[in-house]
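Trainee: turn this into a structure:
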Amino acid sequence: MLKTDILNAPLLSALATLGHTDTVVIADCGLPIPAGPILIDLALVRGTPSFTDILEVLSRNLVIESSTLASEARGTGVLEICVEQGLNASFISHEQLKAHLPKAKVVVRTGEVTPYANVILHCGVDF
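Mentor: Numbering: from 1, shown residues only. Modelled structure (predicted):
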């Protein structure tokens with residue numbers, strides 16, 4: 001049995017495929033998800049699970065080199081949540097963020113309803 005706090009088998013399986021420079025997107029429930037990336041849809045009801053819940057779990061279980069937020073997320077509390085998790089964030093427009101989605105390896109959809117509560121996590125290595 002693995003030593004991880006992640007119980008969702010599809011999420012754990014998708015994370016196991018990640019390598020250096022791959023990207024994982026944590027998406028709010030309204031972000032349009034293109035065909036291509038592995039989609040792990042965890043959304044249950046509005047607000048559950050939250051952006052914070054998923055970011056905390058992924059931050060504990062992934063090597064994250066950097067992150068990218070939409071510049072529109074400033075002032076929504078999303079940046080502060082990322083900083084609390086020790087992420088080094090850069091900014092692009094929301095339209096540019098959506099344009100990066102097809103290149104993501106994994107998209108984790110949350111029940112989050114805060115506008116612009118989306119982040120691209122850039123995977124690093126632990127050596």
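
Trainee: from here on, just use CA atoms for contacts and neighbour counts.
Mentor: Fine.

Trainee: residue 117 versus the residue nearest to residue 103 when sequence neighbours are not counted, what's the distance?
Mentor: Closest residue to residue 103 apart from its sequence neighbours, by C-alpha to C-alpha, 6 or more residues apart in numbering: residue 37 at 7.1 Å. From residue 37 across to residue 117, the span is 19 Å (C-alpha to C-alpha, to the nearest Å).

Trainee: so between these two, which is more surrounded?
Mentor: A count of neighbours by other C-alpha atoms under 10 Å puts residue 117 above the other of residue 37 and residue 117, at 26 against 18.

Trainee: before we move on, the earlier item: give the contact list for the residue nearest to residue 103.
Mentor: Neighbour list for residue 37: 101-107 [criterion: C-alpha atoms under 8 Å, 6 or more residues apart in numbering].

Trainee: buried residues of the longest helix belonging to the chain, list them for me.
Mentor: The longest helix of the chain (DSSP state H) is helix 51-61. Residues of helix 51-61 classed as buried: 51-52, 54-55, 58 (neighbour count, 16 or more other C-alpha atoms under 10 Å).
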